[in-house]
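Enquirer: predicted model and sequence below, questions to follow.
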Amino acid sequence: MSLLSLTNLVRLNLAAKTLSSKISTSFNKVDRLKTLYLQENSLSGAIPDLTQKFDQFNVSFNQLKGEVLEARRSMQASAFSGNTLCGLPLKSCFGSSDIIVHKNDKKHKLSDEERKEDKRC
């Protein structure tokens, strides 16, 4: 029996268990999961798009890379520290002084010329 087959699971603490793989999207099968602690392991790759609205979530001190997805941006920055992650609540993925706009549903960094023309700059 897999932990992720426990559909009524609400809290899962796998902190400091020497896990070393990617974070599985199979966590999405556990609809009632509200707390997920995965800190202090050797998890790698990007944080997948997990559909739950977690009350508590921590992936700090792993080997994760990439951008914090929008659904996790309300979490404390400490939940992501010790990784190579960017985006709110951490530093911008494009540098602190860059201005990012959405263009055709994609992120676009304004060039110096576009910045001069843009009223926000």
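Expert: Sure, I can see it.
Enquirer: list the residues that contact residue 47.
Expert: Contact analysis of residue 47 by CB atoms under 8 Å, 6 or more residues apart in numbering lists 23, 59, 64, 66, 68-69, 72, 85. (Each C-beta comes from the backbone N, C-alpha and C, glycine too.)
Enquirer: in ChimeraX, how would I select just the buried ones from the residues you listed?
Expert: Applying 16 or more other CB atoms under 10 Å to the contacts of residue 47 leaves a buried subset, and the ChimeraX line that selects it is:
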select :23,59,64,68,72,85
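Enquirer: with respect to residue 13, which of the contacts of residue 47 is nearest?
Expert: Nearest to residue 13 out of the contacts of residue 47 is residue 59 (CB to CB; 12.6 Å).
Enquirer: skip the chain neighbours and tell me the closest residue to the closest one.
Expert: residue 38 (4.9 Å; CB to CB, 6 or more residues apart in numbering).
Enquirer: do you know how far that neighbour is from residue 7?
Expert: Residue 38 is 20 Å from residue 7, where distance means CB to CB, to the nearest Å.
Enquirer: neighbour count winner among the two?
Expert: Taking other CB atoms under 10 Å, residue 38 and residue 7 do not tie; residue 38 has more neighbours (24 against 10).
Enquirer: give the contact list for the more buried one.
Expert: 14-15, 19, 23, 58-59, 62.
Enquirer: what's the answer for residue 48, then?
Expert: 22-25, 27.
Enquirer: just the helices in the chain please.
Expert: In the chain, the helices defined using DSSP state H lie at 112-117.
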